[in-house]
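[1] Fold the following.
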Amino acid sequence: MGRHSLPDRSAADRPGAASAPPRRRGVAVAGALAVAVAAGAAVVARGGLLSFSEPCEKDAVRLTVAASPDIAPAVRAVADRARKDEVRTDGRCMDVEVVAADSYKVANTVAAGGKTPYQVWLPDSDLWLDRAKGAGDGIPLTPGDSVATSPVGFAVVPSAAKALGWPDKQLGWSDMVAAAMGSEGVVRLGAADPARSATGLLALTAIGASSADQGGDSDTRAAQTAKILSERMSQSDPKVSETLVRDDSAAGQGDTERNQALILSEQAAFAHNEKAAGGTKVDLFYPKDGAPQLNYPWTLVDETSMTVEQSRTALRLMTLLKDSSSGGPGDVLAAHGFRPPDGSAVARVVRAAGGEAPQPYADAPATAPTAAELQEVLGMWTITVQSARLSTVVDASGSMATPVPGSGESRMDVTKESLLQALSQFTDDDEIGLWEFATTLDGAKDYRELTPTARLGDRTASGATHREELAAAFDELEPVPNGATGLYDTTLAAYRAAVASYVPGKFNAVVILTDGSNQDENGISRSGLIQQLKALADPEHPVPVLAIAVGPDADREEVAEIAKVTGGGGYEVSDPAEIQSVILQAIMTASQAAIPE
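    Numbering: from 1, shown residues only. Sure, this is the predicted structure:
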């Protein structure tokens with residue numbers, strides 16, 4: 001899609017408005033009456049085209065929608081209008097309650113399988129649907145269509161925008177980050193926590209992709225960017241808007257505690273400017289290398305527990321939200337700063353949000369990142385911003401010598417390579433140790449510690465860093481001939497040690513990798529292990545077990561059951577090469593679950 005100038009303020013707000021005259025309420029009613037004459041009033045009533053004289057309250061279909069706080073007012077306005085107009089589905093009125101609910105909180109609840117009081121969920125991005133899947137044991141979701149969109153860009157106060165070349169200069173993600181990271185500090189850039197904000201996570205993913213396009217050590221640049229953003233991070237999207245400088249004067253700009261630029265959605269910039277009145281409005285930069293977008297998917301929650309009437313009412317409300325005809329509910333969404341589902345620019349929304357030609361506000365949105373890419377980025381964010389303390393426990397039983405089909409390497413060989421790749425994602429402040437286990441590996445014990453859990457950047461007695469010694473220990477892992485899998489005793493011992501050495505302020509966890517089920521008949525039972533883990537687990541000092549079942553012989557259900565009682569989760573990989581990304585996913589999921597409501 002090419003770049004175009006904004007239309008005049010008197011022009012129609014949407015493309016094609018001049019050639020398609022507005023549909024008027026009288027025309028719709030006349031059409032409904034014609035249908036009634038031809039087909040009978042009963043058919044019209046069932047279709048919801050006419051109101052009835054009897055009160056709706058007697059037999060209304062009640063539905064509760066949990067909507068992202070930014071779009072909740074618009075959805076509530078549409079639902080209230082439908083109630084006022086006695087819009088019907090199958091002859092029954094719609095009684096819809098809309099509650100504002102942070103998407104990350106709903107995702108956590110759904111992933112945990114918790115009870116929800118709503119039948120429809122409208123998060124600001126479908127990335128939350130992947131998050132809500134958790135370990136696969138959560139409440140089932142049925143995603144529907146997008147009902148609105150909003151691109152993500154940079155909201156900048158006028159003086160800073162002018163310094164950056166606004167509006168003629170178009171900036172990419174890496175350009176803005178460079179302006180924020182430069183030694184002169186051209187702008188102070190704020191963002192919302194990617195663990196709580198789809199806007200923040202989509203932006204961080206776009207920044208990572210932009211870094212990769214530059215070549216070189218993109219991982220280091222991405223980590224540096226995450227660190228910079230974390231220093232000016234806000235807990236939520238509404239909070240980040242509050243960090244903007246209070247005014248655009250020299251004195252206001254001199255307040256280094258406040259930001260001159262924010263990563264915001266177009267809708268958030270629209271809402272800020274609408275409320276700014278005499279305060280500081282923002283100009284909106286649309287990244288030249290593509291603006292990711294929020295897409296607001298209409299999602300049914302546990303559809304099997306809904307009545308047929310509720311399902312149809314949910315569908316009808318979704319249709320009302322998507323209706324973009326003049327005078328219809330679609331105008332309500334635009335009035336609140338949203339674009340239609342196809343992402344096409346709405347002139348008055350762009351203008352009110354601070355957009356101006358030749359900014360590429362009408363370009364096609366950036367390609368949406370995959371779930372795996374989002375997991376990796378959020379895992380990187382977690383271990384960059386909140387240092388990790390991990391006890392890594394690796395299965396060294398004889399079955400780890402089994403060849404991986406198509407690779408020419410054993411499970412242990414591929415596991416070691418994946419662990420070394422994962423190690424590169426951690427900073428020098430992270431603390432990692434290594435255990436191995438089989439059966440009777442160290443006398444009667446099924447396990448032994450190979451390197452203690454210590455800070456990766458610290459120097460050891462040999463003069464090497466702990467990172468270097470840990471990498472060498474990974475490389476030296478070998479399967480124990482005829483060794484069986486002593487999973488239960490090892491898990492309990494590793495968990496006890498991790499709990500006893502808990503470090504406040506870090507993400508503490510035990511990462512267990514196994515390719516089989518417990519085979520030590522002389523050790524603790526599964527029920528005994530779970531009972532002991534429950535007794536050791538302390539919500540005030542969480543140490544989740546992140547258990548990864550590797551290969552076709554591992555039992556994901558077994559490791560998931562064990563891990564769940566600690567606040568962790570069980571994961572399954574068919575190829576050991578996937579371990580790196582799964583570790584990051586597991587860290588992200590466990591740390592997200594630890595975020596207070």
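
[2] quick one: buried residues of stretch 420-427?
    Taking 16 or more other C-beta atoms under 10 Å as the neighbour-count basis, stretch 420-427 is seen to contain the buried residues 422, 423, 425, 426, 427. In short, each C-beta sits where N, CA and C put it, glycine included.

[3] Let me know the closest of these to residue 272.
    Comparing those against residue 272 with C-beta to C-beta places residue 427 closest, at 33.9 Å.

[4] Help me confirm that the closest one comes into contact with residue 386.
    No - here residue 427 lies out of contact with residue 386, judged by C-beta atoms under 8 Å, at a distance of 10.6 Å.

[5] quick revisit: for the buried residues of stretch 420-427, point out the one with the lowest pLDDT.
    Across the set of the buried residues of stretch 420-427, residue 425 stands lowest in pLDDT, at 77.

[6] The nearest residue to that residue once chain neighbours are set aside and residue 509: what is the separation?
    Once flanking residues are discounted, residue 425 sits nearest to residue 380: 6.0 Å by C-beta to C-beta, 6 or more residues apart in numbering. Here the distance between residue 380 and residue 509 works out to 16 Å (C-beta to C-beta, to the nearest Å).

[7] okay, these two: which has more neighbours?
    Counted by other C-beta atoms under 10 Å, residue 380 and residue 509 do not tie: residue 509 has more neighbours, with 25 against 22.

[8] Three-state assignment for that one, please.
    Per DSSP: H, G, I helix; E, B strand; the rest coil, the local secondary structure of residue 509 is strand.

[9] Please give me every residue in contact with it.
    By C-beta atoms under 8 Å, 6 or more residues apart in numbering, the contact set of residue 509 is 388, 389, 390, 391, 498, 543, 544, 545, 546, 568, 587, 590.

[10] again with residue 93
    Residues touching residue 93, when contacts are defined by C-beta under 8 Å, 6+ apart, comprise 56, 59, 60, 61, 83, 86, 87.

[11] Isn't the third one up against residue 97?
    No - counting by C-beta under 8 Å, residue 60 stays clear of residue 97, with 11.2 Å between them.

[12] neighbour-wise, which of these two wins?
    A count of neighbours by other C-beta under 10 Å puts residue 60 above the other of residue 60 and residue 97, at 18 against 13.

[13] Tell me the confidence at that one?
    In the predicted model, residue 60 carries a pLDDT score of 91.

[14] That one and residue 85: what is the separation?
    13 Å.

[15] Among the contacts of residue 509, which are located in helices?
    Under the assignment DSSP state H, the contacts of residue 509 contribute 498, 587, 590 to helices.

[16] Export those to a markdown table and append columns for pLDDT.
    Putting those into a markdown table (pLDDT from 0 to 100) gives the following:
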| residue | pLDDT |
| --- | --- |
| 498 | 96 |
| 587 | 77 |
| 590 | 74 |
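
[17] and the nearest residue to residue 514 once chain neighbours are set aside, bridged to which residues?
    In space, not counting the residues next to it along the chain, residue 514 is nearest to residue 395; the distance is 4.2 Å by C-beta to C-beta, 6+ apart. For residue 395, the beta-bridge partners are residue 437 (DSSP bridges).

[18] How many residues are close by residue 395?
    30.

[19] Correct me if wrong: it contacts residue 439.
    No - at 11.0 Å, residue 395 and residue 439 do not qualify as touching, with contact defined as C-beta under 8 Å.

[20] Between the two, which contacts overlap?
    Contact criterion C-beta under 8 Å, 6+ apart; residues bridging residue 395 and residue 439 by contacting each: residue 485.

[21] ok so, going back, which members of the contacts of residue 93 are classed as buried?
    Among the contacts of residue 93, those buried by neighbour count (16+ other C-beta under 10 Å) are 56, 60, 61, 83, 86, 87.

[22] In helices only, show me those residues.
    Counting by DSSP H, the members of the buried ones among the contacts of residue 93 that fall within helices are residue 83.

[23] Return the closest of the buried ones among the contacts of residue 93 with respect to residue 413.
    When the buried ones among the contacts of residue 93 are compared against residue 413 (criterion: C-beta to C-beta), the nearest one is residue 61, at 59.2 Å.

[24] ranges for the helices of the stretch 51-200 of the chain?
    Assigned by DSSP state H, counting those that start in this stretch, the helices in the stretch 51-200 of the chain fall at 72-84, 103-111, 127-133, 158-163, 173-181, 198-213.

[25] As TSV, those helices with mean pLDDT and distance to residue 399 would be great.
    Formatted as TSV, the entries for those read as follows, by pLDDT from 0 to 100; distance: least, C-beta to C-beta, whole Å:
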stretch	mean pLDDT	distance to residue 399
helix 72-84	93	52
helix 103-111	89	31
helix 127-133	88	29
helix 158-163	90	59
helix 173-181	83	45
helix 198-213	84	36
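
[26] Format these as CSV; extra columns: distance to residue 513.
    As requested, the helices of the stretch 51-200 of the chain are arranged in CSV below (distance: least, C-beta to C-beta, whole Å):
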stretch, distance to residue 513
helix 72-84, 43
helix 103-111, 23
helix 127-133, 22
helix 158-163, 48
helix 173-181, 35
helix 198-213, 26
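
[27] To residue 457, which of those lies closest?
    When the helices of the stretch 51-200 of the chain are ranked by proximity to residue 457 (C-beta to C-beta), helix 173-181 comes first, at 21.8 Å.

[28] Show me which positions of the closest one end up buried.
    By 16+ other C-beta under 10 Å, the buried positions in helix 173-181 come out as 173, 174, 175, 176, 177, 179, 180, 181.

[29] hmm, back to that, distance of the residue nearest to residue 514 relative to residue 412?
    When C-beta to C-beta is applied, the distance between residue 395 and residue 412 equals 9 Å.

[30] Residue 384 too?
    Computed as C-beta to C-beta, the residue 384 to residue 412 distance reads 29 Å.

[31] now swap in residue 115 and tell me
    The span separating residue 115 from residue 412 equals 43 Å under the rule C-beta to C-beta.

[32] So these two - more neighbours on which side?
    When neighbours are counted by other C-beta under 10 Å, residue 412 comes out ahead of the other of residue 115 and residue 412, with 23 against 7.

[33] Quick one: residues contacting the residue lying closest to the more buried one once chain neighbours are set aside.
    For residue 412, ignoring the flanking residues on the chain, the nearest one in space by C-beta to C-beta, 6+ apart is residue 400 at 4.1 Å. In this structure, residue 400 makes contact with 410, 411, 412, 415, 479, 515, judged by C-beta under 8 Å, 6+ apart.
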